[in-house]
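> Okay, sequence plus prediction incoming.
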Amino acid sequence: MADTKTTNGAPAANEHSKNEALVLKYKNVIIIAVVALIVLVCAGVFYNSYSNDKFNSASTEMAKAQEFFGNAVMNGDSLSFQKALDGDGANAGFLALAEEGGKVGNLANLYAGLCYAHLGKMQEAADYLEKYDAADDAMVSPAALGALADVKASMNQLDEAAQLFVKAAEKADNNTLSPKFLIKAGEILESQGKKDEALKLYEQIKAKYLNSIEYNTIDAYIERVK
């Protein structure tokens with residue numbers, strides 16, 4: 001592995017392997033904080049989106065698949081991710097639920113994409129995450145976009161990943177997610193030699209997200225690209 005240096009808390013990328021390092025950074029991973037947000041919010045979205053009759057017919061299978069997913073996230077268990085996708089024989093998994101369409105199918109697309117990402121099947125992950133429509137939901141939409149951006153970055157589709165991170169930051173517009181997404185986008189842009197564009201994103205954090213954790217170290221990022 002190439003040596004790395006740090007500058008005032010910000011990692012300094014090796015000029016000879018920036019793209020490779022970024023791909024490895026995102027390979028087979030989705031940031032746990034983003035996953036946790038999606039799980040919590042989507043559970044609420046699901047349970048509040050149905051009439052009693054429709055809820056009763058769909059909730060058991062979705063809840064069982066969500067249970068497998070939650071166990072997999074907590075324990076890093078690939079078998080549980082696969083069960084969440086395929087079902088357990090008695091209950092359908094996210095793949096079958098996705099085919100139902102409607103709100104159940106839409107939510108299942110999101111979960112299926114996250115399952116595939118954790119299993120390292122990034123093309124399948126991208127396919128399902130791109131099918132998910134969070135409309136303009138203030139919490140789920142940016143988190144889902146951030147997850148898709150992680151997947152695209154792991155596939156070395158860096159231009160699209162950077163664009164998605166910026167879009168996710170704009171949709172979130174909060175001190176928790178936006179700075180994280182902007183830094184990820186900035187790191188990708190740096191790896192492509194686009195330091196001026198990266199600087200604009202870092203300066204946006206400096207100007208707008210004063211109460212974020214990232215604010216405390218953003219000066220180092222700004223200094224690095226100037």
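That came in fine, so what should we check first?
> before we move on, which element is the spatially most central residue of the chain in?
By CA atoms, centre = their mean, the mean C-alpha position of the chain lies nearest to Ala147, the distance being 1.7 Å. Assessed by DSSP states H and E, Ala147 sits inside helix 140-154.
> give the contact list for Leu97.
If a contact means CB atoms under 8 Å, 6 or more residues apart in numbering, then Leu97 has Ala58, Glu61, Met62, Ala65, Val104, Gly105, Ala108 as its contacts. Bear in mind the C-beta positions are built from the backbone N, C-alpha and C, glycine included.
> And these, which is closest to Ala135?
Gly105 (14.7 Å; CB to CB).
> For Tyr111, see how far away that closest one is.
For Gly105, the distance to Tyr111 equals 11 Å [CB to CB, to the nearest Å].
> mind checking how far Ala147 is from Lys180?
To Lys180, Ala147 is 12 Å away according to CB to CB.
> Would you map the helices across this protein?
Along the chain, the stretches classed as helices by DSSP state H are 18-26, 32-47, 52-75, 78-86, 94-98, 102-118, 122-131, 140-154, 158-172, 178-191, 195-208, 218-225.
> Give me the helices and strands touching the fourth one, please.
Okay, so that is helix 78-86. In terms of contacts (3 or more CB pairs under 8 Å, 6 or more residues apart in numbering; DSSP states H and E), helix 78-86 is packed against helix 52-75, helix 94-98, helix 102-118.
> Now find how far off-centre the shortest one is within its chain.
For helix 94-98, the separation from the chain centroid amounts to 20 Å (computed by CA atoms, centre = their mean, to the nearest Å).
> How about stretch 197-207?
With CA atoms, centre = their mean, you get 21 Å for stretch 197-207.
> Can I get that stretch in PDB, CA atoms only?
This file holds the C-alpha atoms of stretch 197-207, laid out as PDB (Å, rounded to 0.1, in the frame of the first residue of the first chain):
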ATOM      1  CA  GLU A 197     -13.600  22.700  -7.900                       C
ATOM      2  CA  ALA A 198     -12.700  20.800  -4.700                       C
ATOM      3  CA  LEU A 199     -11.800  24.100  -3.100                       C
ATOM      4  CA  LYS A 200     -15.200  25.500  -3.800                       C
ATOM      5  CA  LEU A 201     -16.800  22.500  -2.000                       C
ATOM      6  CA  TYR A 202     -14.500  22.800   1.000                       C
ATOM      7  CA  GLU A 203     -15.100  26.500   1.200                       C
ATOM      8  CA  GLN A 204     -18.800  25.800   1.200                       C
ATOM      9  CA  ILE A 205     -18.400  23.700   4.300                       C
ATOM     10  CA  LYS A 206     -16.400  26.500   5.900                       C
ATOM     11  CA  ALA A 207     -19.000  29.100   5.100                       C
END
